[in-house]
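**Student:** I'll drop the sequence and a predicted model, then ask my questions.
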Amino acid sequence: MILLGTLVCTSYRSNLSLGQMEKPIVKLFVGGLPPNIKEIELVQLLAIYGEVLTVKIVRDRITKNCKGYGFLEMANIQAAENVIEFMDGKPFKKNNNLIINLVKEKALSTLAKQSLPKSQLVNERVTSEVTSKKKRPRLNR
């Protein structure tokens, strides 16, 4: 899916019992978050613009404070566009301006690697590391 020249990451949730595919999910990056934000606060702020499916705030492992950014999954592209249009650049808690962007789609090779068994991935990484190293030119003596 392409939106204004930017690739948008969409994924499909499958309903295995019915064998049907649900609507695409759009992922958003949210920056400018304060250290003490809770997931529920972010959902309450953005849910008025569209259905928020998941929220992931990136936190420091030791202090458990927000590192200043997180990710959202919205139910559809219209909800994501609404959030970006109305909330991008707006102040939020103590003059932090929100930065909201669509997450770019992963390269096809990355998606293909995700479907490989772990043993093949390890072998592929080792092989690519060995072949990708540049040799130094030999000195003629």
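**Tutor:** Structure received.

**Student:** Now do the strands for the chain: every range, in order, please.
**Tutor:** 2-3, 6-7, 10-15, 20-31, 52-59, 66-74, 91-92, 96-97, 99-102 (DSSP state E).

**Student:** and these as a markdown table, adding mean neighbour count?
**Tutor:** (Glycine included, C-beta is placed from N, CA and C.) Below are the strands of the chain laid out as a markdown table (neighbours: other C-beta atoms under 10 Å):
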| stretch | mean neighbour count |
| --- | --- |
| strand 2-3 | 10 |
| strand 6-7 | 13 |
| strand 10-15 | 12 |
| strand 20-31 | 17 |
| strand 52-59 | 16 |
| strand 66-74 | 18 |
| strand 91-92 | 14 |
| strand 96-97 | 14 |
| strand 99-102 | 18 |
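
**Student:** can you tell which of those is closest to K38?
**Tutor:** strand 52-59 (8.0 Å; C-beta to C-beta).

**Student:** now the closest one: mean pLDDT?
**Tutor:** The pLDDT scores in strand 52-59 average 95.
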